[in-house]
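A.B. asks: Build me a structure from this.
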Amino acid sequence: MSDEGNPHVAALLRWEEHGALWRVVARTGSTVTVSMLTCDGGTEVDRVTSDDPELLSFLGQRTSSEEPLSPDPRRST
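C.D. replies: Now for the predicted structure:
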């Protein structure tokens, strides 16, 4: 399944495309909690907690949507 086909990843991508922000608020070795925020980053609108490997891979080491997306080594040319 591609990242865009994953519901959590797709939601974060849509969130970013519409100018809103997300931030990782908790992370363990196998679980992440992401806060979905308003465009100004001031109000939490939703929160996602997941152990989905595709979501963890999409996030990598990023802590927010304000950090650049790292190249995915699985997609080398």
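A.B. asks: Regarding the residue nearest to Asn6 when sequence neighbours are not counted, what is its secondary structure?
C.D. replies: Nearest residue to Asn6 in three dimensions, chain neighbours excluded: Glu54, at 4.4 Å (C-beta to C-beta, 6 or more residues apart in numbering). For glycine as for every other residue, the C-beta is placed from the backbone atoms N, C-alpha and C. Following DSSP: H, G, I helix; E, B strand; the rest coil, the label given to Glu54 is helix.
A.B. asks: what's around Ser30, how many residues?
C.D. replies: By other C-beta atoms under 10 Å, 10 other residues sit near Ser30.
A.B. asks: What's the per-residue pLDDT of it here?
C.D. replies: Per-residue confidence (pLDDT) for Ser30: 93.
A.B. asks: show me what contacts it?
C.D. replies: By C-beta atoms under 8 Å, 6 or more residues apart in numbering, Ser30 lies in contact with 51, 56.
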